[in-house]
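Enquirer: Here is the input, now give the coordinates:
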Amino acid sequence: MSAKKNRYFLCVDNRGNEVSLQVRRVYRGLPDPDAESHGMVRIVDESGEDFLFPAALFVSVEIPAAAEKAFARTSL
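Expert: Below is the predicted model of the structure:
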């Protein structure tokens, strides 16, 4: 992940993480190259905190520049 640009992920499966993740919701991802090398992604979840989750639970999505400010506000 680029440290300069936010990345966003669509949750496609929340098994085992039902309290923290909602399927079909877009989450902000934080850079964590070490986690990514182990098949994990660092996600800001429903609590507003960042945690590691299996990358298989998400699909990376592009957010239009015009919408990125709104996503960043609600994801922090």
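Enquirer: Let me see the ranges of the strands in this structure.
Expert: 7-11, 26-30, 40-44, 50-54, 58-61 (DSSP state E).
Enquirer: wait, doesn't residue 57 sit right on residue 10?
Expert: No - taking contacts as Cβ atoms under 8 Å, residue 57 lies outside contact range of residue 10: 9.8 Å. Glycine gets a C-beta too; all of them are placed from N, C-alpha and C.
Enquirer: what stretches of this protein score poorly on pLDDT?
Expert: 1-5, 72-76 (pLDDT under 70).
Enquirer: could you redo the last one with a cut-off of 50?
Expert: 1-4, 75-76 (pLDDT under 50).
Enquirer: Quick check: the gap between the residue located most distally from the centre of it and residue 59.
Expert: Relative to the centre of the chain, the most outlying C-alpha is that of residue 66, 18.9 Å out, by Cα atoms, centre = their mean. Per Cβ to Cβ, to the nearest Å, residue 66 is found 21 Å from residue 59.
Enquirer: Same check on residue 28?
Expert: Following Cβ to Cβ, the distance that separates residue 28 from residue 59 is 14 Å.
Enquirer: Those two: which has the busier surroundings?
Expert: Neighbours per residue, other Cβ atoms under 10 Å: of residue 28 and residue 59, the larger number sits with residue 28, 20 against 13.
Enquirer: So what sits opposite residue 42 in the bridge?
Expert: For residue 42, the residues forming beta bridges with it (DSSP bridges) are residue 30, residue 52.
Enquirer: Show the contacting residues for it.
Expert: 29, 30, 31, 32, 35, 50, 51, 52 (Cβ atoms under 8 Å, 6 or more residues apart in numbering).
Enquirer: Can you get me a residue count around the nearest residue to residue 55 once chain neighbours are set aside?
Expert: Leaving aside its chain neighbours, residue 55 sits nearest to residue 41 (4.8 Å; criterion: Cβ to Cβ, 6 or more residues apart in numbering). By other Cβ under 10 Å, 24 other residues sit near residue 41.
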